[in-house]
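Novice: just a sequence and a predicted model for now, questions to come.
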Amino acid sequence: MFDFYFNLPLIVRLVVQAGAVILVLFPIAAACSMAERKISAWIQGRPGPNRTVPPFLAWVPVFVPFLQRLGVFQLAADGGKFVFKQDPVPGHVNKVYFILAPIIAMIPALSTIVVVPFGAYVDSAGKLVPIVLANLDIGLLAVFAVSSLGVYSVILAGWASNSKYSFLGGVRASAQLVSYELAMTLSVLPVFLWVNAPGGQGTLSLFDVVQLQSGVGLHWNSVWFIGYFPVSAFIFLVALFAETNRAPFDMPESESELVGGFHTEYGAFKWSLFFVAEYCHMVVGSGVFILLFLGGWNPLPGLPLTALVDLLHGVIPFATHPLFMGLLGIGIFIGKVILSIFFFMWVRWTLPRFRYDQVMDLGWTKLLPLSIANLVIYTLGIAGLALLQK
Amino acid sequence: MAVIPVDRKPLTFAERTYIPQIIGGLRTTLKHFFRPTVTLQYPEQRPEIPKGYRGVPTLVKDPNGREKCVSCQLCEFVCPPKAIRIAPGELPADSANAHVEKGPQAFDIDMLRCIYCGLCQEVCPEEAIFLQNQFSMSGYTRAEMVNNKARLYELGGTLPDQHFKWDKKKAAEEHGNAH
């Protein structure tokens, strides 16, 4: 079966892989909307959506009521509603850009996943191979470059809607995303200074970052980078909240001031595209955070995936099989992503929204100087280490 | 009135970073996350009705199954929104309660007009009308929202009676001591 798959033309394989990734990413992003509702409900002492059940399934005991209480069918009903309800285009909008904006929102949201590795396996030659759609050397740069294109959809939506609330949302979004982009990019530079130690081959690949967090037992490389770069991790996380327009930085939406911000004039399927794009950004953003600072697909610090598989080999004979190892890695990675998304939601239902000038102030006068200082200190430190090693 | 000056201390560095406060907030919400929910699952679970609750007005019978209303129409007159309509009538001579003389032939309460004030219950000399625990009424037509006599007795049921006023009156009459 593997031979058959690997003998397919490259283009077919890539299409199949990309389709598979989207088939995983899209449902996760959609399920996030239900998770958001349930988590907000539980934090507020409510049960959340727990009523919807299709009549033809209502007779099944235990399992179906369990799904019903989790709101799984509500998710399906909501999704179906978005597809089938009327999709009005208001008369006062610029039709071309109004329709283009949600499509543009989806493109960067789904395409950043291309360079994000989400697992690894040992091939027949004994070499660790990342599971990724395209293992580019410019990995992280590509993520930054493509994901920042997402702001265009927000600006376009805000402007094309021809309404003051949408316009204000779009303006806020552009200012906020530009401000936090800087701090975010500067915050990860120390990590790549460390990865690209003097004398080695330069790379921005996220796979190589994870490799340097995969030490076995007590080793310099066993510490996840959040231990080496706590300030970077903090700045990256805060900037990630701002970049994904999540509370407390959800300025572009801020429903209490701007009705719905940039998507005020949108409804039905076009609105749901914005919605899913936001969650896709969250999934990919937290994936990048996990790769950079939380050891990627390694289950524990000091216990990388390869070591875990070797351990499991004693119990399950097929543990070293590439398929098992790959699925295990992907499972651990997705588990971490889900925990991280829970953190996003947890923060959203804890903190009030910042005022707009506070957001700008925090970005330009706090995070940016902090990340520059962080970069300078780590540059000197890494240079010092390199000198010591000589 | 005493004036209490409150010192506004400048925020410490830790407070200005927001971080300890954010962590405190996260801890609070996480605590609530694991607490049981407080929601009442309404149609299955019903709220506990406090004593003296003024729900839908109903007609009641006494423990002997006799209808208590004597159609004096006091409730009809006192009803502020004029929700009550009574058609008084004579009781047939062969009925067990013939000595009561009067009873309602029809008794309608229009629940679209009723304001649940409870004056009908207060004014009733026979303790025949009570605002009981039912709090939810719905219907598809206006006609459905008018409770007729049969419906009022169905909703009201039987309540305990302290007096058995008409039984005593009948017994007294039989002893030749009508008043």
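Specialist: The structure has been received and is ready for your questions. What you see is a predicted model; the values in this text were computed from it and never measured.

Novice: show me the shaky parts of the chain.
Specialist: The chain I'm using is chain A. Residues of chain A that meet the criterion pLDDT under 70 lie in A:1-3, A:5-6, A:125-126, A:197-201, A:319-320.

Novice: meant chain B, my bad for not saying
Specialist: Applying pLDDT under 70 to the predicted model, the residue ranges of chain B that meet it are B:178-179.

Novice: what are the ranges of the helices in it?
Specialist: For chain B, the helices identified by DSSP state H occupy B:13-16, B:19-33, B:74-78, B:119-123, B:149-156, B:165-174, in order along the chain.

Novice: now for those, which one comes closest to chain A?
Specialist: helix B:19-33 (4.5 Å; Cβ to the nearest Cβ). Bear in mind the C-beta positions are built from the backbone N, C-alpha and C, glycine included.

Novice: buried set for that closest one?
Specialist: Along helix B:19-33, these residues count as buried under the neighbour rule (16 or more other Cβ atoms under 10 Å in any protein chain shown): B:25-26, B:29, B:33.

Novice: quick one: closest of the helices of chain B to A:Ser40.
Specialist: Go through these one by one with Cβ to Cβ and the one that ends up closest to A:Ser40 is helix B:19-33, at 9.8 Å.

Novice: what is the closest one packed up against?
Specialist: Applying 3 or more Cβ pairs under 8 Å, 6 or more residues apart in numbering or on different chains; DSSP states H and E, one finds that helix B:19-33 contacts helix A:10-43, helix A:322-348.

Novice: okay if I get the ones you listed as TSV plus distance to chain B?
Specialist: Output for the helices and strands packed on helix B:19-33, formatted as TSV (distance: least, Cβ to the nearest Cβ, whole Å):
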stretch	distance to chain B
helix A:10-43	5
helix A:322-348	6
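
Novice: could you identify which of the ones you listed is most buried?
Specialist: With neighbours defined by mean count of other Cβ atoms under 10 Å in any protein chain shown, none of these is more surrounded on average than helix A:322-348, at a mean of 18.

Novice: ok and it relative to helix B:19-33, angle-wise?
Specialist: In this structure, helix A:322-348 runs at an angle of 110 degrees to helix B:19-33, with axes from the mean of the first three to the mean of the last three Cα atoms, to 10 degrees as the basis.

Novice: just checking, what packs against helix A:322-348?
Specialist: In terms of contacts (3+ Cβ pairs under 8 Å, 6+ apart), helix A:322-348 is packed against helix A:10-43, strand A:120-122, helix A:268-293, helix A:305-313, helix B:19-33.

Novice: contacting residues around the nearest residue to A:Leu141 once chain neighbours are set aside?
Specialist: Take A:Leu141 and drop its neighbours on the chain: the residue closest to it by Cβ to Cβ, 6 or more residues apart in numbering or on different chains is A:Leu204, 5.3 Å away. Residues touching A:Leu204, when contacts are defined by Cβ atoms under 8 Å, 6 or more residues apart in numbering or on different chains, comprise A:137-141, A:192.

Novice: wouldn't A:Val238 be in contact with A:Leu367 here?
Specialist: Yes - with contact defined as Cβ atoms under 8 Å, A:Val238 reaches A:Leu367; the gap is 6.4 Å.

Novice: quick one, which of the two is more surrounded?
Specialist: Neighbour totals were compared for A:Val238 and A:Leu367, and A:Leu367 leads with 24 against 21 (other Cβ atoms under 10 Å in any protein chain shown).

Novice: separation between the closest residue to chain B within the stretch 51-200 of chain A and A:Met345?
Specialist: The shortest separation between the stretch 51-200 of chain A and chain B is 9.2 Å, found at A:Arg51 (distances taken as Cβ to the nearest Cβ). When distance is defined by Cβ to Cβ, to the nearest Å, A:Arg51 is 22 Å away from A:Met345.
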